[in-house]
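1. below is the sequence, then the predicted model.
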Amino acid sequence: MPKLPPLPLEQLTALPAVYRLTIPPEYEDYNGHMNIRWYLGIFDDAGLPLYDDLGLTPARLHAQGYTTFDLEHHIQYAGESLVGDAVTVTVRFLGRSARRMHYQMYLLNDTRAALSATFECVNAFVDLNTRRMTDYPPAIAAKLDALLAAHQALPWAAPVCGVMRA
């Protein structure tokens with residue numbers, strides 16, 4: 001697997017922060033650092049406030065007969081996080097179609113001033129009645145487009161895996 005290219009921390013910290021956490025003792029594994037299963041858990045927890053900001057709250061979606069499904073994930077580890085480390089998750093939108101969005105999250109270790117991991121995701125908007133993808137409502141599509149335009153204007157390339165897209 002190719003190593004992540006160097007990414008200046010100031011570029012990653014300038015992105016929208018969607019989640020913060022201090023690594024608790026129960027996340028530690030036998031190597032003395034955070035176990036890999038918790039990386040996905042942290043990124044999943046970060047998805048809730050991210051989706052809330054987009055208007056994709058579970059209660060609102062379910063009341064209207066919609067939900068979202070993750071279709072694909074890619075995590076790349078860049079550095080350790082230890083119990084007691086403060087971490088922040090930031091997000092960058094990479095693309096979208098009428099029914100899917102592609103984004104990348106960054107787990108930043110604030111204690112060590114370093115990138116710990118990246119999480120790349122393709123997520124679909126789904127009609128709960130048919131269990132099939134459907135188009136985003138106009139208000140949500142407009143929010144996604146605004147974020148996508150801002151993030152596409154960034155002067156650095158996102159370290160994507162290269163096989164995922166909306």
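-> Sure, I can see it. Residues are numbered from 1 along each chain as shown.
2. any weak-confidence spans in the chain?
-> Along the chain, the model assigns pLDDT under 70 to residues 1-3.
3. taking the centroid of it, which residue is nearest it?
-> residue 105 (3.5 Å; CA atoms, centre = their mean).
4. now do the helix or strand encompassing that one: which elements does it pack against?
-> Taking DSSP states H and E as the definition, residue 105 sits inside strand 100-109. Counting contacts by 3 or more CB pairs under 8 Å, 6 or more residues apart in numbering; DSSP states H and E, strand 100-109 packs against helix 9-13, helix 36-54, strand 86-96, strand 114-127. All C-beta atoms are positioned from the backbone trio N, CA, C, and that covers glycine.
5. residues contacting the residue nearest to the centre of the chain?
-> 18, 43, 46, 50, 89, 90, 91, 92, 118, 119, 120, 121 (CB atoms under 8 Å, 6 or more residues apart in numbering).
6. ok, what's across the strand from it?
-> Beta-bridge pairing of residue 105 under DSSP bridges involves residue 91, residue 119.
7. now swap in the one 10 residues further on and tell me
-> On the basis of DSSP bridges, residue 115 is bridged to residue 108.
8. give the buried residues for stretch 147-159.
-> 147, 148, 151, 158, 159 (16 or more other CB atoms under 10 Å).
9. put the buried members of the contacts of residue 105 into a PyMOL selection.
-> For the buried members of those, the matching PyMOL selection, counting by 16+ other CB under 10 Å, is:
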select buried, resi 18+43+46+50+89+90+91+92+118+119+120+121
